[in-house]
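Novice: what shape does this take:
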Amino acid sequence: MTLAKPSVSGVIAAACLAACLAVPRAEAAGRQPLADEPSRVEAQIGVLTSLVDSGLSEQALQVLAQVRAQGETDKRLDVLQARAMHATGMSDEARALLEGHVKRAPRDPAGWAALGIVLADSGDLQGSLAALEHARRLTPDDPVVLNNLGYARLSANQTEEAVRLFRASLTRDPSQPRTRNNLGFALARLERDMEALQAFRAANPEADARYNLGVACVNRGDRGTALTQFNAALDAAPGHPAAAAALDQLLSEATP
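Specialist: Now for the predicted structure:
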């Protein structure tokens, strides 16, 4: 449900981490806090965020253990740790950490937003909707929160509301291909295929846009339109592997 972020190599992240961890916490050494202490903490948060956003969750958890050992208690660490835990399959632990976090920091939208994703992925759709709505109340203009809430609404078959949320998200940040694709799938579910195709085209090459619309048509049980769209994808990009496989699947299912 989250947006893709630029990747950071493990080598670069490790080098950044070494710089961040080079100076021990002044408090732990019994000295007055250093003037650059806030900068060091921000650097640590930045490295950890890059690791989590890049899918290097196991490395992020290793870094977090070192940062925690220094005595760092910045509340953002809870959210980053929960995201990394969730990505490595520790969803129950992530949920428990986030539930404790939002009790301690009830006005932190990042905590509620992360909890909403964990709950959605664990099948607790109503809990996810409640958490994401809480995040939206705290940060009504955050395009990522709006997109994720829209996805949850779409999963709950509240399709018109999902369309509204996706459009609101794109109004605040038009450069979101994932949100445009989500909008396309929502519009296709409402059988507004031309609008759906426009949304898909805004985020993809023509062949991928046609393929996505074909998948959306399969999802709603419209095999005839799906066949047309998969063929259109192959016309736009002959040999398109996903469209070819989807077309073969539909044709095999139609064969007595």
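Novice: hmm, A203 is touching N182, no?
Specialist: No. Using CB atoms under 8 Å as the test, A203 is too far from N182 to be in contact (9.6 Å). For glycine as for every other residue, the C-beta is placed from the backbone atoms N, C-alpha and C.
Novice: which one of these two has more residues nearby?
Specialist: Neighbours were counted for A203 and for N182 using other CB atoms under 10 Å; N182 has more, 25 against 19.
Novice: now the residue lying closest to that one once chain neighbours are set aside: how far from R180?
Specialist: Excluding the flanking residues, the one nearest N182 by CB to CB, 6 or more residues apart in numbering is F166, at 5.4 Å. F166 sits 8 Å away from R180, going by CB to CB, to the nearest Å.
Novice: so which of those two has more stuff around it?
Specialist: It is F166, of F166 and R180, that has more neighbours when counted by other CB under 10 Å, with 30 against 22.
Novice: which residues does that one contact?
Specialist: F166 makes contacts with 146-147, 150, 179-180, 182-183, 186, as judged by CB atoms under 8 Å, 6 or more residues apart in numbering.
Novice: secondary structure element holding P140?
Specialist: In this assignment (DSSP states H and E), P140 forms part of neither any helix nor any strand.
Novice: start the count at 57, not 1, going forward
Specialist: Yep, numbering from 57; the last one is P196 now.
Novice: how much space between it and A263?
Specialist: P196 is 37 Å from A263, by CB to CB.
Novice: tell me which of those two has more neighbours.
Specialist: Using other CB under 10 Å as the criterion, P196 and A263 rank with A263 on top: 20 against 12.
Novice: which non-adjacent residue is nearest the more buried one?
Specialist: Using CB to CB, 6+ apart and skipping the chain neighbours, the partner closest in space to A263 is A293 (3.5 Å).
Novice: do the same with E155
Specialist: Distances taken as CB to CB, 6+ apart put L171 closest to E155, at 6.8 Å, once the chain neighbours are dropped.
Novice: over to A298?
Specialist: Of all residues not flanking A298 in the chain, Y267 sits nearest, at 5.6 Å (CB to CB, 6+ apart).
Novice: give me the contact list for the strand or helix carrying L171.
Specialist: Taking DSSP H and E as the criterion, L171 maps to helix 165-177. Residues outside helix 165-177 that contact it (CB under 8 Å, 6+ apart) are 57-58, 131-132, 134-135, 138-139, 142, 147, 150-151, 154-155, 157-158, 161, 181, 183-185, 187-188, 190-191, 194-195, 198, 200-201, 204-205, 207-208, 211.
Novice: give me that answer again for 6 Å
Specialist: Under the contact criterion CB atoms under 6 Å, 6 or more residues apart in numbering, helix 165-177 has outside partners 57, 135, 138-139, 142, 150-151, 154, 157-158, 161, 183-184, 187-188, 190-191, 194-195, 201, 208.
Novice: out of those, list just those in strands.
Specialist: Nothing among the contacts of helix 165-177 maps onto strands, per DSSP state E.
Novice: that'll do, ta.
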